[in-house]
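Colleague: heads up, no residue letters with this:
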């Protein structure tokens, strides 16, 4: 396990995969809009994020365990959990969730590290320094 993965690339692949299956989810009657989505879509988003991002991170490093990672879309409670972080405009954010915007585009929902400010939406192209950290260390 001496090589590492490009987390930004893996996040981009995850978002593209979600965009690809959006028409199928819509045809199946699965609500995909961020404010209206429920278990079915949330489980798909989590499964793809885990498969494209978290598992490769864990498989290429003895440092991380998939069970430690923050579950997308759920309250960050301050316990010792890991998350993928990015920097936008010189500020660090946790990838909190993934949301459909503009009908067919998936974006990252980013939560500021202080957890008190509003979440922002961003594409991977807006983000720098993709990394994994323990939330308790922040």
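Modeller: Noted; the coordinates are in hand. On a predicted model such as this, the values are computed, not experimentally measured, just so you know. Numbers count the residues shown, from 1 in each chain.
Colleague: For the helix ranked longest in the chain, which outside residues touch it?
Modeller: Using DSSP state H to define each element, the chain has its longest helix at helix 7-27. Here helix 7-27 makes contact (Cβ atoms under 8 Å, 6 or more residues apart in numbering) with 32, 40-41, 44-45, 48-49, 51-53, 56-57, 84, 95, 98, 100, 104-108, 123-124, 127, 130-132. Any C-beta I mention is one placed from the backbone N, CA and C, and that applies to glycine too.
Colleague: Over to stretch 28-48?
Modeller: Contacts of stretch 28-48 (Cβ under 8 Å, 6+ apart): 14, 17-18, 21-22, 25-26, 71-73, 97-101, 109.
Colleague: Same check on stretch 74-89?
Modeller: With Cβ under 8 Å, 6+ apart as the test, stretch 74-89 has contacts from 7, 11, 53-54, 57, 64, 68-70, 92-96, 108, 110-111, 113, 115, 120, 122, 126-136.
Colleague: Any of those residues buried? List them.
Modeller: Buried residues within the contacts of stretch 74-89, counting neighbours by 16 or more other Cβ atoms under 10 Å: 7, 11, 53-54, 57, 64, 68-70, 92-96, 108, 110-111, 113, 120, 122, 127, 130, 132, 135.
Colleague: And for residue 6, nearest residue in space, chain neighbours not counted?
Modeller: residue 130 (8.0 Å; Cβ to Cβ, 6 or more residues apart in numbering).
Colleague: and residue 115, backbone torsions?
Modeller: Taking degrees, to the nearest 10, you get phi 60, psi 0 for the backbone angles of residue 115.
Colleague: ok, and the closest non-adjacent residue to it?
Modeller: residue 76 (6.1 Å).
Colleague: Strands - which of the buried ones among the contacts of stretch 74-89 land there?
Modeller: Taking DSSP state E, the ones among the buried ones among the contacts of stretch 74-89 that sit in strands are 92, 93, 94, 95, 96, 108, 110, 111, 120, 122, 130, 132.
Colleague: Can you check what angle separates the longest helix of the chain from strand 128-134?
Modeller: 90 degrees (axes from the mean of the first three to the mean of the last three Cα atoms, to 10 degrees).
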